[in-house]
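Student: Sequence and predicted structure, then a few things I'm wondering about:
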Amino acid sequence: MLRFLYVILKNLFRAPYIIPKMRRESEHPERYSEEERYILVKHVIRLMKLSGKIHTKAFGTENLPKEGGYIMYPNHQGKYDALGIIHTHKKPCSVVMDKARSNGILVKEFVDLLEGKRLEKDNVRQAIQIINEVAEDVRAGKRYILFPEGGYEFNNRNKVAAFKAGSFKSALKAKAPIVPVALIDSYKVFNSFDFGKITTQVHYLCPIFYEEYKDMKTNQIALLVQSRIQQVIDAFA
């Protein structure tokens, strides 16, 4: 959290220009394309990385499906997780996140620019609606980041918590590729007391196509994705 505040303070002089620009583009998607808004998001992330001495290495980008929509399922370590993926993910993607965490400084602007989904964790009816909306978007070719752990522990030191089966209902409905994503040392960026230079890793694993998981229950899919991510973390962390 302290590094996050430090990064905000280092870029405070940019705020009168960059925040209104982010809000303007998010409020007028008819004037600014998905690609243009994604470029702005990546630009702001790059500024944050430079001022925060954050370096992110990407592995396996060749595994990402070349065409169509898909859902990326990463382990969850902290506030930087989605930013690290977006920074290394060439094509525009969006995110599903906890509504309670989605309105902080810059977070709101990021979610709005990406046309992300805000999930109310204790609202079953709204959760079903989000599942259906994400599935419809993915069928139409959109790409999403969805965190199946549902949350994270402060300074979790690359530990992976149990994946929630319900997280995979959107992929199942859309019959879409599931892309497991292993994040390593992402917690160090905004969720530790480390103030030195930080290098995080984003590993895009081979996609799991619908034909491979169509006969599985969602809890079986959750265990499969979690185990593949855990193997990479065990090997590289």
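Tutor: Done, it's in.
Student: okay, and for this protein, where does confidence drop off?
Tutor: Where the chain drops to pLDDT under 70, the residues are 1, 192.
Student: all helices for it, in order.
Tutor: With DSSP state H applied, the chain shows helices at 2-10, 15-27, 34-52, 81-88, 107-113, 124-139, 169-174, 187-190, 210-213, 218-236, listed in chain order.
Student: Count the residues that sit near the closest residue to residue 178 other than its chain neighbours.
Tutor: Across the structure, with C-beta to C-beta, 6 or more residues apart in numbering as the measure, the residue nearest residue 178 apart from its sequence neighbours is residue 208 (4.4 Å). Bear in mind the C-beta positions are built from the backbone N, C-alpha and C, glycine included. Each residue near residue 208 was counted by other C-beta atoms under 10 Å, and the total is 21.
Student: next one: residue 123
Tutor: Per other C-beta under 10 Å, the neighbour tally for residue 123 reads 12.
Student: Next up, the contacts around residue 106.
Tutor: By C-beta atoms under 8 Å, 6 or more residues apart in numbering, the residues touching residue 106 are 8, 19, 44.
Student: where's the first one relative to residue 206, distance?
Tutor: Summarising the geometry, the distance separating residue 8 from residue 206, computed by C-beta to C-beta, to the nearest Å, is 37 Å.
Student: re the thing from before, need the contact list for the residue nearest to residue 178.
Tutor: In this structure, residue 208 makes contact with 177, 178, 179, 180, 221, 224, 225, judged by C-beta under 8 Å, 6+ apart.
Student: Tell me which residue lies nearest the centroid of this protein.
Tutor: Closest residue to the average C-alpha location of the chain: residue 82 at 3.1 Å, with C-alpha atoms, centre = their mean.
Student: So that one sits against residue 97, correct?
Tutor: Yes. Counting by C-beta atoms under 8 Å, residue 97 is a contact partner of residue 82 at 7.4 Å.
Student: Just grab the bridge partners of the nearest residue to residue 84 once chain neighbours are set aside for me.
Tutor: Across the structure, with C-beta to C-beta, 6+ apart as the measure, the residue nearest residue 84 apart from its sequence neighbours is residue 56 (4.8 Å). Taking DSSP bridges as the rule, residue 56 bridges to residue 200.
Student: Next, count neighbours for residue 56.
Tutor: Here the neighbour count serves as a burial measure; for residue 56 (other C-beta under 10 Å) it reads 21.
Student: Distance check, the closest residue to residue 199 other than its chain neighbours against residue 198.
Tutor: Counting by C-beta to C-beta, 6+ apart, residue 199 lies nearest to residue 55, which is 4.6 Å off, once chain neighbours are set aside. Applying C-beta to C-beta, the value for residue 55 to residue 198 is 7 Å.
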